[in-house]
Each structure stands twice: as structure tokens, then as C-alpha cells.
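Colleague: Here is a sequence together with a model predicted from it:
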Amino acid sequence: MGEIRDSVDVALDLDEREVYSHIAHESAEDIRRIIASIDAERAELAGVRVYYHDDWDELIKERIRKGKRHTAFDFYNPELMGVWERKVEELRRIKRRNRGVLLVLSFIVAVSFLVSFFLFPSPFFLLGLAISPLLYLQRVRFKTRRDLIYHELAQFFIDELGEILRKHHLDPERYRFKIFSRDYFGVRIERKGRELYAVVEVGD
């Protein structure tokens, strides 16, 4: 078996046009996997059973590493990677905030029920009942915000994939990806059996 070669080494053996085509294809493949992975995790968080998907966070980190090697060919988009970092940090921030809010509300409800049971029956019991719906509303708010962040992340990468396909005249059909959500822009959704696939629309 021959030596496994790095993609850049392979690209350097090609002529200039083939170099760009090779790296554009590799970039499109990376982004296709990232989109499918983000959407799969989004679906899983919404309660859909997903049997397997890539780790999109790790895929993006690998994309950055490749991009830093490919900067001479203009296939690294620092703006896109900045968006990813901000969105990941926002996800972490709202998760921390959600845990804190739920902990405080749960503590108040528990204390009000305990006080009403042992000391003052009516007023504190009513306080606990009044606060209880806030727990549900906080969970809904958190899930909605989290879903929006996942949607925005996937949409950014869909737009980036479209740019690469248009700029380098790649066939969109070759970069179709499995999808669970129908609310993205710039894609055509196709059903194959029980599964949905998306193809990025690049126009004429």
C-alpha cells in the first residue's frame, strides 16, 4: 500500500486550475458534513431520534485547521469561523443562564411548598403555584433560543457552501446532505424514501 499523502501535497502535484478545483471540492465536502451534523443535533434536541451524526464542533475545528493551510488559495473564511465561535459561546452562555434560572425558581417553589406545609398553609402554597408555570416558560424559552442558534449556524454554512459551489462551478447534486428541518433558505428539499435531503440552490 502506498504512502498516504496530505491533501495539500496532492494539490501541489496538479496544475493551478486543478488545485483550486481540488481544494474547493474538499471544502464543500467539509461544509456539507458540518451542515448535516448541526441539523441532526438540532433535530435530536427537538426530540427526533437520530441514530448517527458527526460531531459538528470537531468538524468545524478541523475545517479551521485545513483553512489555515489553504489560506493561499482563499478557501478559509475567517468571518464564518468568527460567527461559529460567537454562536458556540452564546450557546454555552444561555445554557449556564438557563441552569441558574431553573435552579433559583425550583428552590423558591420547593421552599414555598415546605413553608406552607409546616408553617403557613395558604399564602406560601399559592406563591409556589404561581411561580411553577415560570419553570415551564423558562424551558420553552431556552429551547426556542437554542434552536434558533442551531438554525443560524446551519444557515451560515449553507450560504458558504453555496458561495463555493457558485464560485468554482461545482455540481450541487454532488454535495447533497441529509436533513431533518425544512426551514432553511437557499436549498431544495428532496425526499428519498422516508428520508429528506437538501441540495443547495446556486441559480443559473
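Modeller: That came in fine, so what should we check first?
Colleague: How far off centre is stretch 175-194?
Modeller: Its chain's average C-alpha position is 15 Å from that of stretch 175-194, according to C-alpha atoms, centre = their mean, to the nearest Å.
Colleague: For that stretch, give the mean pLDDT please.
Modeller: For stretch 175-194, the mean per-residue pLDDT is 92.
Colleague: For that stretch, list every residue counted as buried.
Modeller: Y175, R176, F177, K178, I179, F180, S181, Y184, V187 (16 or more other C-beta atoms under 10 Å). (C-beta placed from N, C-alpha, C; glycine too.)
Colleague: Give me the residues contacting it.
Modeller: Outside stretch 175-194, the residues within contact range by C-beta atoms under 8 Å, 6 or more residues apart in numbering are 28-29, 32-33, 35-36, 39-40, 42-43, 48, 50, 151, 154-155, 158-159, 161-162, 165, 195-201.
Colleague: circling back to that earlier point, from the buried residues of stretch 175-194, which is closest to D147?
Modeller: The shortest gap between D147 and any of these belongs to S181, at 9.2 Å (C-beta to C-beta).
Colleague: Is the closest one in a helix, a strand, or coil?
Modeller: Following DSSP: H, G, I helix; E, B strand; the rest coil, S181 is assigned to coil.
Colleague: got a list of what the residue nearest to the spatial centre of the chain touches?
Modeller: Centroid-nearest residue in the chain, with C-alpha atoms, centre = their mean: I38, separated by 3.3 Å. Residues near I38 by C-beta under 8 Å, 6+ apart: W56, Y150, L153, A154, F157.
Colleague: farthest pair in those residues?
Modeller: Y150 and F157 (11.2 Å).
Colleague: Can you list the residue ranges for strands in the protein?
Modeller: 177-179, 187-192, 195-200 (DSSP state E).
Colleague: Please, where are all the helices along the chain?
Modeller: 7-12, 16-45, 56-69, 78-118, 121-167 (DSSP state H).
Colleague: which of those sits most buried?
Modeller: helix 16-45 (a mean of 20; mean count of other C-beta atoms under 10 Å).
Colleague: That one: how far from the chain's middle?
Modeller: The answer for helix 16-45 is 13 Å, by C-alpha atoms, centre = their mean.
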